[in-house]
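Undergrad: Make a model of this:
(one chain, ligands or ions: 1)
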Amino acid sequence: MRIEYNKSLKKYNTFGIDVIAAKFISIKSELDLNSLLAENSTKPIFVLSGGSNMLLTKNLDCLVVHIAIKGIEIIEESDDFVIISVNAGEKWHDFVQYCIKNNFGGLENLSLIPGYVGSAPIQNIGAYGVELKDTMVQCETVHISTRKKHVFLNEDCKFGYRNSIFKQEAKGKHIITKVIFKLTKKNHILNTNYGAIENALVDKGIIQPTIKDVSEAVIKIRQSKLPDPERIGNSGSFFKNPVISTRHFTKIQEKYPAIPYYQVDHDHVKVPAGWLIEQSGFKGKRWGDAGVHEKQALVLVNYNNASGTEILDLSKKIQSEIKEKFDIILETEVNII
Ligand code: EPU
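TA: Residues are numbered from 1 along each chain as shown. You can find the predicted model right below:
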């Protein structure tokens, strides 16, 4: 284990924000993680996974622990299912591609999501009608202060829309070391209801899609709308889609009949934050190197050298405009550090 000092984190967060970690260590095994926690039991640490869902606004004056524990293991298998264990430091999309290659179904709609496997349960990653919670059996953690291993079964994680126990009462207390999934080996349950997926399959003349076809369709859709963090810094959706009362929604709809929406239940409607932001005139706008993506207004971008504070200021400007125009409070999806 080697500690590095005054290390730039620009390459370690998908927003590409250049902040400095006073101390930085990359952890490659659970054993190393345990000894590190034992040595640093009284000092603050900051756990860094793929850095794909955070906005860094300041230098980190503590030890940054980068979880790079790799490995994929099949732990049980039948003709129909596979139970597969993945260590936290595997890249999410590489794991999804491994599953597609081996014909393990269930994660294809979650193709091309940036980040590592270990942070996927924290915000219950989701896309195109599928969420991590649909296939996750359990995840394993190390408790930071007791160094004890914990198993969180799916139902223990209190999964919700971009939410879990790890963003609530367990926040900052655990390091996720592995995630275990149950995936199908045959009779895959495909989720192609999302309009854009259906269209992409029809365009290619595919009537009976395989999981590979669905994955390829998702990749094509994401590439057409979402900026590649390797080229333009971003953290995917910056805000959550807000849920408002049906009454409030009806008022907005009278003024904007074309507003897209999803009815959550009788009393609640979810509206796309991207649409609200576009209506407020922010789409494609740029202030210095901080901007709003030209193809998807829900994504804030760092064109090169924006600071975390510049992106944060832009997000606040958007929040106050949406509050003023629609009386809706936009909550951030990314963690502001
Ligand atoms: N829309 C606009 N203008 C925009 C963006 C969107 O009018 O600039 C409208 C679209 O026309 C559509 C609706 O808003 O009617 C929804 O747009 P989209 O299908 O692109 O999805 P989203 O609600 O903006 C969510 C997730 C994405 C996920 C997609 C697909 C959240 C916060 N975001 O975005 O997740 O990929 O659905 O399932 O729930 C992420 O979390 O980082 C992420 C990218």
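
Undergrad: switch to C-alpha atoms for all contacts and neighbour counts from now on
TA: OK.

Undergrad: what pLDDT, on average, does the longest helix along the chain get?
TA: Counting residues, the longest helix found in the chain (DSSP state H) is helix 308-326. The average pLDDT for helix 308-326 rounds to 98.

Undergrad: same thing with stretch 7-17?
TA: pLDDT averaged over stretch 7-17 gives 97.

Undergrad: can you check stretch 156-166 too?
TA: Per-residue scores along stretch 156-166 average to 97.

Undergrad: Alongside the ligand, which residues does the stretch 51-200 of the chain contribute?
TA: Residues of the stretch 51-200 of the chain lying close to the ligand (C-alpha under 6 Å from any ligand atom) are A127, Y128, G129.

Undergrad: can you tell me which of these are in strands?
TA: Members of these lying in strands (criterion: DSSP state E): A127.

Undergrad: Most neighbours of all the residues of the stretch 51-200 of the chain next to the ligand, which one?
TA: Among these, Y128 has the most neighbours (other C-alpha atoms under 10 Å), with 17 neighbours.

Undergrad: which residues touch it?
TA: N109, L110, Y194, I197, V218 (C-alpha atoms under 8 Å, 6 or more residues apart in numbering).

Undergrad: Could you report the separation of it from L56?
TA: To L56, Y128 is 28 Å away according to C-alpha to C-alpha, to the nearest Å.

Undergrad: do V86 as well
TA: 27 Å.

Undergrad: N34 against R147, yeah?
TA: Yes. Contact between N34 and R147 holds when scored by C-alpha atoms under 8 Å: they sit 6.6 Å apart.

Undergrad: Flag the shaky bits of the stretch 51-200 of the chain, pLDDT-wise.
TA: Scanning the stretch 51-200 of the chain for pLDDT under 70 picks out nothing.

Undergrad: need the strands for it, in chain order.
TA: Under the criterion DSSP state E, counting those that start in this stretch, the stretch 51-200 of the chain contains strands at 54-55, 60-67, 72-77, 81-87, 126-127, 130-131, 136-143, 149-153, 174-184.

Undergrad: Which one, of those, ends up nearest to Y303?
TA: Proximity to Y303 (C-alpha to C-alpha) singles out strand 54-55 among the strands of the stretch 51-200 of the chain, at 14.4 Å.

Undergrad: Please work out which residues outside that closest one touch it.
TA: Strand 54-55 has contacts (C-alpha under 8 Å, 6+ apart) with N13, F15, I17, S235, G308, L312, V334, N335, I336, I337.

Undergrad: Give me the buried subset of the residues you listed.
TA: Among those, those classed as buried by neighbour count (16 or more other C-alpha atoms under 10 Å) are N13, F15, I17, S235, G308, L312, V334.

Undergrad: C-terminal to the longest helix of the chain, what's the next element?
TA: Along the chain past helix 308-326, the next helix or strand (assigned with DSSP states H and E) turns out to be strand 335-336.

Undergrad: What helices and strands are in contact with that following strand?
TA: strand 54-55 (3 or more C-alpha pairs under 8 Å, 6 or more residues apart in numbering; DSSP states H and E).

Undergrad: Restricted to buried residues, select the contacts of Y128 in ChimeraX.
TA: Buried members of the contacts of Y128, defined by 16+ other C-alpha under 10 Å, are picked up in ChimeraX with:
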select :109,110,197,218
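
Undergrad: Arrange the contacts of Y128 in JSON lines, one row each, with distance to G274 as further columns.
TA: Below are the contacts of Y128 laid out as JSON lines (distance: C-alpha to C-alpha, whole Å):
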{"residue": "N109", "distance to G274": "20"}
{"residue": "L110", "distance to G274": "20"}
{"residue": "Y194", "distance to G274": "17"}
{"residue": "I197", "distance to G274": "19"}
{"residue": "V218", "distance to G274": "19"}
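
Undergrad: Is stretch 292-309 in proximity to the ligand?
TA: Yes. Stretch 292-309 is in contact with the ligand by C-alpha under 6 Å from any ligand atom, via K295, Q296, A297, L298.
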